[in-house]
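> I need the structure of the sequence given here:
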Amino acid sequence: MGEDERRRGTLRVYLGAAPGVGKTYAMLDEAQRRSERDVDVVVALVETHGRAQTAAHLAGLEVLPRRTVEYRGATFSELDVDALIARHPAVAIVDELAHTNVPGSRNAKRWQDVQEVLAAGIDVVTTVNIQHLESLNDVVESITGVHQRETVPDEVVRRADQIELVDMSPQALRRRLAHGNVYGPDKIDAALTHFFRAGNLTALRELALLWTADRVEDALAAYRQDHEIADPWPARERLVVAVTGGPETETLVRRGVRVARRPAGGELLVVHVARGDGLAGAGPDALARHRAFVESLGGTWHTVVGDDVATAVLEFARGVNASQILLGASRRGGLVAALDPGIVPRVIRGSGDIDVLVVTHERAGRGRRTLPRTAGLGRRRLVAAWALAAIGPVLLGLGLRGLTLDSLPTVLMLFLAFTVGVALVGGFGPALLAAVLGGLLSNYWFVPPVGTFTITEPQNAAAVVVLLAVAVAVSSVVDLAARRTAQAARSRAEADTLATVAGSVLRGADAVPAMLDQLREAFALGGVALLSRDEAEQTWRVVHSSGERAPTSPDEAGTTVPVRDGLVLALQGRGLSTEDLRVATAVGLHAEAALERDRLRAEARATKAERERTTMRTALLAAVSHDLRTPLAAIKAGVSALTTSGAAIAPDDRAALLADVETSTDRLQGLIDNLLDMSRLDAGVVSPHRAPVALDEVVPLAVAPLTIDRLVAERLVIDVPEDLPLVVADAGLLERAVANLVENALRYTTGPVRVVAGALPGAVVLRVVDQGPGVPDERKTTVFAAFQRLGDSPDGHGLGLGLAVAQGFVRANGGTLEAEDTPGGGLTMVITLPGASA
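Numbering: from 1, shown residues only. Presented below is the predicted three-dimensional model:
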């Protein structure tokens, strides 16, 4: 095997926003250029779609014959992979990368064929439209209303060595289409009013440009990484706004939006640095509001963890290749600002080539909010701590005097230990009082001269001063540690509560009641209600509630938590602290998100149902204009001939005309019956009267109208044993369902049709088996949709309602109808009904 065969070929992709932008023409233009440079180029497969200019561009290029495939009586042509690999050109031209190959081919998709060609060492040039990328399939469908069945995985295109965007404005493409350069004259009007609307093309063009820009961004990031380039390259204006989550956040974000919008294509990224210990920073409810605010303005929210905020901000900015960093002026003021100016100077010093913008705000220089000294301490505990601080030093001093303890260092250490104990009980304030009293009493009772506050020895004075300083410092540290411990415990409790609430949201339809139950239980409330205001009637409506004493209006609630305009969380029971209200607010936001999710789901279901009804109406009009007209025309022609010619018609001709009239009338009656049945099923007004019935009685009645024709009777084989268990069904509906299935099988096959029944535990199965062309696996679920036919029916009759009506009637009887392959070829319709004893 040669060196060329061992290497993998390169892939070049011409990407377009829509058909007709010139991808194939550009691909062939490249083929011509390479051919002129004596490169061995072969056109493996190109679809010209009847476009003369594209076909003319094939001149002078070697075209590889295609492989023909027979499928269901038709001949198709596909890429001949084996012939292409055997020919082994330097470059192969392969059109339409997302194409689906005919069943029976070696690979299901053309992109899989291309992978084989690349593995053989052949370079490939191909084309694909943006709507065929797998990740954008649902987005394109929501824009155009057209579901793209032919897709290619994004990774296949993303791994291409070169991607070139073939761009054209929507107006220019619509002009090309109107001039007949894209589709034939019979398709131009429909294309212009549907897929090729200006809005559709603009949206698809934006998708193509953004997707290509992202790939360029990926390529730039890979290049910087491969070449170990740490400094940012401002190829695209990207602004990072660093926020604390405090009240100034919205001011900084708004300023960031204005700065980012100055250059074309500016991007806004907002980053919040969370402390590694999880204690400092804004609450989850505030961060959730800020995230929603950022996203509403078109920015993206990012959270990074780090104890050094300045370093974390700089690392993030360099990681995203930012060109600017926006910071808020420090909230520190006075002496604190002089001693520690904050992260702004450190970010500026370490920013390098990144510009740093410092924005003032209303909180600048006003000081940072500190934790309350008595946070989490009860009233009784505080009273006890102050009493202990006031009385304890006196009692300790009297006890030490009673022990006649004269060692001043020991006395001072005991007073220090007592001060630390007071700090543990009541915090810094009582500890400070205990320290001052301890210092005074130790001086009065234990420092010579005893009984006075005079100190004669300098070392004794120093010892008392050190006692006060150490007592205050240690008390402050102990108090801070105790408060941090309490805050950590509360944060963990809040996290547990919010995690339970988040789990309730993920569990589904009962998410909001579960959240309210969790909130009521967590805070021992008497009742919780989510209230919505009816602006029209100026009243409050209970959306969901929990507890027997749930309020029905904000006036009945002890505490109300606003969620948004017109939606509040009403709480009844004990009062909640600020920290508890923060958790309640977070629960309210989760509840609002769950309600919005439920609303969107309901709208999606309603939209889907309306779309299905619209599709059915459209198909119904098309069917009525075609299928009902045929029997009516036959009846009218026959009756007109009989009335105008009268006795001049020969008896044989008269009989033939009457037979045609009767047949057409029967067909018309069958079509009308199916339309009425489908309308009843669609409206949900089918009310079955289910009772035990025997299939050996229902099936003969169902096929009786069909066996009037002797030829049909000879093809029909009935095998329904008399000893089968009874089934619970409406005999009339079941008879109609069986009749539709048998008639459908007779229509699509010329061979025998068998109706076979058998028993299963608790159920009875009826099979309608034919030896016809069968149905592909991907169509087995869609054949039951209304107005669906596999192509047109062979005789041009029918609305495509038979199977839909049959499935509706079977489901109304509590059964199922499924399509299976017949061994040896064909289709088997399987009805499963519950047995009378089940």
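> shaky segments in the stretch 101-250 of the chain?
For the stretch 101-250 of the chain, the stretches with pLDDT under 70 are 186, 189-190, 193, 217-218, 221-222, 224-225, 227-236.
> quick one: the helices in it?
110-119, 137-144, 154-158, 170-178, 185-193, 198-226, 249-260 (DSSP state H, counting those that start in this stretch).
> Tell me how many other residues crowd A609.
Counted by other CB atoms under 10 Å, the residues lying close to A609 total 11. All C-beta atoms are positioned from the backbone trio N, CA, C, and that covers glycine.
> before we move on, back to that, quick one: closest of the helices of the stretch 101-250 of the chain to I831.
helix 137-144 (33.7 Å; CB to CB).
> and that closest one, what does it pack onto?
Judged by 3 or more CB pairs under 8 Å, 6 or more residues apart in numbering; DSSP states H and E, the packing partners of helix 137-144 are helix 198-226.
> Can you check what angle separates the helix it packs on from helix 170-178?
Counting by axes from the mean of the first three to the mean of the last three CA atoms, to 10 degrees, helix 198-226 points 120 degrees away from the direction of helix 170-178.
> Give me the distance between helix 198-226 and the centre of its chain.
A distance of 21 Å separates the centroid of the chain from that of helix 198-226, by CA atoms, centre = their mean, to the nearest Å.
> Stretch 719-732 now?
46 Å.
> what mean pLDDT does that stretch have?
Averaged over stretch 719-732, pLDDT sits at 88.
> got it, and stretch 444-455?
Stretch 444-455 comes out at a mean pLDDT of 72.
> As PDB, could you dump the C-alpha coordinates of it?
Provided in PDB are the C-alpha atoms of stretch 444-455 (Å, rounded to 0.1, in the frame of the first residue of the first chain):
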ATOM      1  CA  TYR A 444      -7.900  46.200  92.000                       C
ATOM      2  CA  TRP A 445      -7.700  42.900  93.800                       C
ATOM      3  CA  PHE A 446      -4.400  41.300  92.600                       C
ATOM      4  CA  VAL A 447      -2.000  44.000  91.500                       C
ATOM      5  CA  PRO A 448       0.000  45.800  94.300                       C
ATOM      6  CA  PRO A 449      -1.000  48.000  95.900                       C
ATOM      7  CA  VAL A 450      -4.100  45.900  96.400                       C
ATOM      8  CA  GLY A 451      -7.500  47.700  96.900                       C
ATOM      9  CA  THR A 452      -6.600  50.500  94.500                       C
ATOM     10  CA  PHE A 453      -6.500  51.000  90.700                       C
ATOM     11  CA  THR A 454      -2.900  52.300  91.000                       C
ATOM     12  CA  ILE A 455      -0.200  50.200  89.500                       C
END
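> can you tell me how far the closest residue to T360 other than its chain neighbours sits from A704?
What sits nearest to T360 in space, not counting adjacent residues and going by CB to CB, 6 or more residues apart in numbering, is A329, at 4.7 Å. To A704, A329 is 91 Å away according to CB to CB, to the nearest Å.
> How about the contacts made by T75?
68-69 (CB atoms under 8 Å, 6 or more residues apart in numbering).
> what comes up buried for the one helix or strand it maps to?
Element membership of T75, judged by DSSP states H and E, is strand 74-78. Across strand 74-78, burial judged by 16 or more other CB atoms under 10 Å covers 76, 78.
> wait, doesn't the residue nearest to T360 sit right on L357?
No. Look at A329 against L357 with CB atoms under 8 Å: they stay out of range, at 10.8 Å.
> what's the closest of the helices of the stretch 101-250 of the chain to P725?
When the helices of the stretch 101-250 of the chain are compared by CB to CB, helix 137-144 sits nearest P725, at 46.3 Å.
> roughly how far out does the closest one sit from the chain middle?
14 Å.
> Likewise for stretch 352-359?
Distance, centroid of stretch 352-359 to centroid of chain: 36 Å (CA atoms, centre = their mean).
> quick thing: my sequence starts at 39, can you match it?
That works, and once the first residue is 39, the last one we named lands at stretch 390-397.
> could I get that stretch in CSV with only the CA atoms?
C-alpha atoms of stretch 390-397 as CSV (Å, rounded to 0.1, in the frame of the first residue of the first chain):
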residue,chain,number,x,y,z
GLY,A,390,-1.5,43.1,30.7
ASP,A,391,-3.0,43.8,27.2
ILE,A,392,-6.6,43.6,28.5
ASP,A,393,-8.2,47.0,29.0
VAL,A,394,-9.7,47.6,32.5
LEU,A,395,-12.7,49.9,33.0
VAL,A,396,-13.6,51.0,36.5
VAL,A,397,-17.2,52.2,36.9
